[in-house]
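Peer 1: Just need the structure, nothing else, for what follows:
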Amino acid sequence: MSEELIQLLETSEHFKNLPRKDRLRIAELITRLREVYLFNSLSDQELALIAQRGRLKRYERGELIVREGNTDRIFYVILKGQVRVWSRGKEGRRRLLNYHEVGDFFGELAFWSGSPRAANVDVVDDVDLVAFERDGFERIIQHAQISNYLRTWGRERIRLSNQPFPGKHWDEISVVQVHKSWVALAQVVFFPVMVILITLATSALLALHTRASSQVMFSVFVAVTVGMGLWIFWMWEDWHNDDFVVTSKRVIHIERILVPPFPVERHEATIDHVQDVTTHNHGLWTWAFGVQSLELKTAGAGTMRFPYLDDADRIREEIFKARRLAQVRRNIEERSRIRQALFPELDRPVKKVIPLESGETVKVIPEREGLLKAVGYFVPRTRVAKPDRIIWRKHWLILFRDVGPAVLLFVFSLALLVVGFVRPGILGRSPWAGTCGPMMDGAMTFTSSPTRGSLTSKDLLFTSAKRPARKVRSTSFKARITVVRTGSRAFSGSVMSP
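Peer 2: The predicted structure follows:
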């Protein structure tokens, strides 16, 4: 609070007749409201007229500021601390709607709609508020830029915080929920679109200036268009099914995949584990259109990348803000536990924050007994519900994906080994067994009489002491053969390894 501000109030026609105590109060409110984004475009004189109608209020943790169903008309601006907005659903359970911190506001919807309060607001951390009744609120909305901001951002804030997404927790709110920029889609479909256009132009030129059949050219164009069209459709689906979500608890990357059996791929980390966020460009396309990618370094989840985002710098700031608020709430919980331990000794009452409810009923799964317990060791459940926690394990398909090929190869090798012991000759007659293996000494019998001394695979029958008689391919049978005539129409011979 500066002396210039006090002097301005003392010389102003609106404030010079006020008691000095009121002027000091107004000067203090002007100084504190100047730090609020909602009023930073106003002059000191304009802000003084608003501050004159405001009342500074303080609430401790656990106190209820606004009660659902009440008909009061008060607009609040937060100067310090943090509040929580929640309501009771149709089933009576308490549901989280939003968190508000320093610089935020609430209560304006009661003036716009004229209906009773739609939610409760209680204190998470001790707060200082400026409360404006109807005359103060009307003075505020006389400024067009503030009125437009209250109408647009107030509704957008409600829409965004309640926007659903797959896997949303009951006790978290959405802060940012965006898709990839259109630049990412344009970059990947540029090539197939150019192929279609070039094919169309080439087909038209060939049909007009050559003897090429127009039907053939049209067929080629249709084939290329269909192929490139399917490619474009696949790229569009991949671009459309990619979400980046920042909540009050987590950062999440959801990618929906069209190919089963894993239709959704998720990467996430708790918001307070985010260590750093950097932005990157990806060549000429992203530089020309101001599109950037975010890279998040996290403790535990590694590096998470979110490519091709519009307004990446704003999203980066929202991540840091959500992380700071999460850390503040964690510190508040620590202080609350200390209060609960110390205040009873000081004979001071402890005000607790009303707990919210998920509305979910968890059916406890009993432990397996006897033989089933042994089976459960080798085939564990993917979900185990206990009274105090729920344990999720990786699906068995993940195990099959990692060890399935090795198991199949082992089973196939074991089957070949068993067949080799049971039926030793069957593997030798398999199509891939093209040779006899190592050459062995044995006897060769000619099953027919060659007319000119030539031998074929049909004429040779090889007999060995270790193997049964079988025919041998002459192309792969490399041996030195000695032939002796034993009769008028029969021949016999011997085979020795060369």
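
Peer 1: quick one: what helix or strand has the residue sitting nearest the centre point of the chain in it?
Peer 2: In the chain, the C-alpha closest to the average C-alpha coordinate belongs to residue 253, at a distance of 2.1 Å (C-alpha atoms, centre = their mean). Residue 253 belongs to strand 250-256 when assigned by DSSP states H and E.

Peer 1: what does residue 159 give?
Peer 2: Secondary structure here is read from DSSP H and E; on that basis residue 159 sits in helix 144-161.

Peer 1: What of residue 124?
Peer 2: With DSSP H and E as the criterion, residue 124 is inside strand 120-132.

Peer 1: One more: residue 417?
Peer 2: In this structure, residue 417 is located in helix 396-422 according to DSSP H and E.

Peer 1: Tell me how far that helix lies from the chain's centre.
Peer 2: 35 Å (C-alpha atoms, centre = their mean, to the nearest Å).

Peer 1: Mean confidence (pLDDT) on it, please.
Peer 2: In this model, helix 396-422 carries a mean pLDDT of 80.

Peer 1: follow-up on the earlier one: what is the strand holding residue 124 packed up against?
Peer 2: For strand 120-132, the packing partners by 3 or more C-beta pairs under 8 Å, 6 or more residues apart in numbering; DSSP states H and E come out as helix 20-33, strand 54-59, strand 64-66, strand 75-88, helix 312-342. To be clear about C-beta, it is placed using only N, CA and C from the backbone, and glycine gets the same treatment.

Peer 1: Need those in CSV (columns: mean pLDDT, mean neighbour count and distance to residue 122).
Peer 2: As requested, these are arranged in CSV below (pLDDT from 0 to 100; neighbours: other C-beta atoms under 10 Å; distance: least, C-beta to C-beta, whole Å):
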stretch, mean pLDDT, mean neighbour count, distance to residue 122
helix 20-33, 88, 18, 22
strand 54-59, 93, 16, 9
strand 64-66, 93, 17, 5
strand 75-88, 92, 20, 6
helix 312-342, 87, 15, 13
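
Peer 1: What distance do you get for residue 124 to residue 346?
Peer 2: Residue 124 sits 22 Å away from residue 346 when distances are taken as C-beta to C-beta, to the nearest Å.

Peer 1: Over to residue 196?
Peer 2: Distance check for residue 196 against residue 346: by C-beta to C-beta, it reads 78 Å.

Peer 1: what do you get for residue 418?
Peer 2: Here the criterion is C-beta to C-beta. By it, residue 418 lies 80 Å from residue 346.

Peer 1: Residue 189 too?
Peer 2: When C-beta to C-beta is applied, the distance between residue 189 and residue 346 equals 68 Å.

Peer 1: quick one, what contacts residue 197?
Peer 2: Residue 197 makes no contacts at all, as judged by C-beta atoms under 8 Å, 6 or more residues apart in numbering.

Peer 1: again, but for residue 88
Peer 2: With contacts defined as C-beta under 8 Å, 6+ apart, residue 88 is in contact with 68, 94, 95, 120.

Peer 1: before we move on, the earlier item: pick out whichever of residue 196 and residue 346 has more residues nearby.
Peer 2: Shown here are residue 196 and residue 346; by other C-beta atoms under 10 Å, residue 196 has more neighbours (18 against 7).
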